[in-house]
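Predicted coordinates and the sequence they were generated for:
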Amino acid sequence: MSISRPVIVHPQDDEPFDVAIARALQQSAHNQHQITLLNELLSRDAYLAEQLGILQATWALTPPPATSLLARLRRWLAWRLCGPEFTHINATHATLTRIIESLIAHLDAERDARQKLAERLAALERL
């Protein structure tokens, strides 16, 4: 099975990780492709589009792959000791990413509504 979206796993109390991962894969995630609705705003601001793409791609904390025994031990200890904190940080980053996407969508919708209102006002003034 190929997952093309980030999956956030929140293990419940005393829930094995494999069960938590299976549950997270079964749940429907937020709409990752909301950003495709923002063509107008992102086409006018290349920097915003670039930064939003980077934010979407790098919001999750994922350690680099461990190659040596010491690196695997260090990675295992870090996730074992700080797992709840990493889970909380990942959830916060994912939430902030979705909030930023939503704010951009609202900004684009407001800009569009303001433009339509200005056009209607101009049409009324011509009468």
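Yes, it's here.

pLDDT of stretch 96-106, averaged?
Across stretch 96-106, the average pLDDT comes to 83.

Can you give the distance of it from its chain's centre?
A distance of 9 Å separates the centroid of the chain from that of stretch 96-106, by Cα atoms, centre = their mean, to the nearest Å.

Flag every buried residue along that stretch.
Thr97, Arg98, Ile100, Glu101, Ile104 (16 or more other Cβ atoms under 10 Å). Just so you know, the C-beta spots here come from the backbone N, C-alpha and C atoms, and that holds for glycine as well.

would JSON lines of those residues with distance to Glu110 be doable?
Shown next, in JSON lines, are these (distance: Cβ to Cβ, whole Å):
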{"residue": "Thr97", "distance to Glu110": "21"}
{"residue": "Arg98", "distance to Glu110": "19"}
{"residue": "Ile100", "distance to Glu110": "16"}
{"residue": "Glu101", "distance to Glu110": "15"}
{"residue": "Ile104", "distance to Glu110": "11"}
